[in-house]
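A.B. asks: Got a predicted model here, sequence first, then my questions.
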Amino acid sequence: MNGENRRRKTAAVYGFLLFVSLVSTASAQQTADWIWSARYVITEDPQHRVIENGAVAIRGERIVAVDTRAAIDARFHAAQRLDRPEAILAPGLIDTHTHAAMSLFRGIADDLKLQDWLEKYIFPAEAKNVSPEFVRWGTRLGCLEMLLGGTTTFTDMYYFEDVVAEAAKEAGMRGVLGETIIGFPAPDAKTPKDSLAFTEKYLARFRNDRLIVPAVAPHALYTNSDETLKAARALANRYGAPLVIHLSETKKENDDELAKRHTTPTQTLDSLGVFNGRTVAAHCVWVNEADMAILRARHVGVAHCPSSNMKLASGVAPVTRMLALGIAVGLGPDGPASNNDLNLFEEMDMAAKLQKVTRMDPQALPAATALEMATIGGARVLGMEKEIGSLESGKRADLIIVRLDRPNAEPLYDPVSQMVYALKAEDVRDVMVNGKPVVRDGRILTLDEAAILARAAEYRAKISASLK
Ligand SMILES: [Zn+2]
């Protein structure tokens, strides 16, 4: 090739490249699997942006952009889209404490003290009824209720937690799922030693799952020996798993521990090393300043369960104080046997109002804080704030659309206030978890709703008969 030819060829190549780059600039759109848009996008990002006429672009399991609808449409071409001009688009709600399978015990006994309720009804009913099949149908019922109500992640403690994980995956729901370890014969293990062995197998099976974070769940200080609690922590740390536990739910729990060892449950667990690793502590109603200093120093996340605490008359957790100290606090409905539903809209509303009335201060827990607790705050409790809890590029695509075309949504002055004080779980219209739509127009896409409801009615008859 002579010099002239080489120059001509080089010029032709450059010309071709220029042409390609011009063409791609003209259609510089990136691809996305989904664009979801709404009248308001509540991001819960660090700036707490609320975007009017906003949209979210999703590729695979993740969010790739959050912006105005015009900006998203200019940047992305999506294979599918969902536009809801009369709705709020928000992060999926995060439940930091429940027992989903106990949905089958909903309303079995109400208006009792926790100890009576547990010892006279729940423990006997569990001993006679809880099996893998019970847990499968109970969890399906729980996941159905949670997804239809906008909860995309739940934190669970129960028996046969491997079956809970299977049911959650079937529902397409994210879960931090703790296998319960308790110091008396349980439906899935005769001794704590058996229970620890069961838990280890479970952790090994689900440790790298896309939707499930397997966890170790010693029921409480008062239901386990010190040795079991230490072994549970060691097991959790060997697998990099979180530990979930009930803590200082009732005054009795504190009084008993103070009488026994002259320390609070929080101080005892700390001295046993139970907080040496990721921990989620449910309730923390009866914690004092020294306890809160420990929770803060050990980065323990707190699951506040206002409806359950009110119904069982357990007391009022010092949520405002914990938040001021920088402790991560999320929300949980607790078990549907005590609450009696799995409704984070209700928990947001209750959390705000319970602090206000207790402190005689309407500013004690504002709407924005309640919504934060149900989203990014809950993610912090679980140590998952880099993955879920807000609508930001790079995060997992867990989102909900809440309708604004019903009487309880009009007029609208402030979308955040509306979410906490006016909108209901029934207003949730569409839900996506990990990039996959699981609720569309108020209908579940992943589970057989009619079969689940029919089976729940069958269990009611069986459980009632077992208690006679
Ligand atoms: Zn609980």
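C.D. replies: Sure thing, it's come through.

A.B. asks: how far out from the middle of the chain is stretch 103-114?
C.D. replies: Here stretch 103-114 shows a centroid-to-chain-centroid distance of 22 Å under the convention C-alpha atoms, centre = their mean, to the nearest Å.

A.B. asks: residues contacting Glu387?
C.D. replies: Contact analysis of Glu387 by C-beta atoms under 8 Å, 6 or more residues apart in numbering lists 379, 395-396. Just so you know, the C-beta spots here come from the backbone N, C-alpha and C atoms, and that holds for glycine as well.

A.B. asks: What of Asn276?
C.D. replies: Per C-beta under 8 Å, 6+ apart, neighbours of Asn276: 233, 237, 298.

A.B. asks: Flag every buried residue along stretch 39-47.
C.D. replies: Neighbour counts using 16 or more other C-beta atoms under 10 Å place 39-45 of stretch 39-47 among the buried residues.

A.B. asks: any residues touching that stretch, and which ones?
C.D. replies: Here stretch 39-47 makes contact (C-beta under 8 Å, 6+ apart) with 49-56, 66, 84-91, 371-372, 375-376, 389-392, 404, 415-416, 419.

A.B. asks: okay, how far is it across stretch 60-79, tip to tip?
C.D. replies: 12 Å (C-alpha to C-alpha, to the nearest Å).

A.B. asks: distance between that stretch and the chain's centre?
C.D. replies: How far stretch 60-79 lies from its chain's middle: 25 Å, per C-alpha atoms, centre = their mean.

A.B. asks: Select the helix or strand of the protein having the lowest average pLDDT value.
C.D. replies: Least confident helix or strand, the chain: helix 3-26 with a mean of 52, by mean pLDDT, DSSP states H and E.

A.B. asks: And what about Ala303, helix, strand or coil?
C.D. replies: strand (DSSP: H, G, I helix; E, B strand; the rest coil).

A.B. asks: so who does Leu196 touch?
C.D. replies: So Leu196 contacts 181, 228, 231-232, 235 (C-beta under 8 Å, 6+ apart).

A.B. asks: Could you list the buried residues of the one helix or strand Asn309 maps to?
C.D. replies: Following DSSP states H and E, one finds Asn309 within helix 306-311. Using 16+ other C-beta under 10 Å as the burial criterion, the residues of helix 306-311 that qualify are 306-309, 311.

A.B. asks: Next: stretch 323-340.
C.D. replies: Residues 323, 327-340 are the ones in stretch 323-340 that count as buried (16+ other C-beta under 10 Å).

A.B. asks: any low-confidence regions in this protein?
C.D. replies: 1-27 (pLDDT under 70).

A.B. asks: give me that answer again for 90
C.D. replies: Along the chain, segments meeting pLDDT under 90 span 1-28, 112-121, 123, 184, 336-339, 467-468.

A.B. asks: returning to that earlier point: now intersect the contacts of Glu387 with the helices, please.
C.D. replies: Among those, DSSP state H puts Ala379 in helices.

A.B. asks: Throw the contacts of Glu387 into a markdown table and include neighbour count and distance to Ile72, thanks.
C.D. replies: Output for the contacts of Glu387, formatted as a markdown table (neighbours: other C-beta atoms under 10 Å; distance: C-beta to C-beta, whole Å):
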| residue | neighbour count | distance to Ile72 |
| --- | --- | --- |
| Ala379 | 26 | 23 |
| Lys395 | 23 | 16 |
| Arg396 | 26 | 18 |
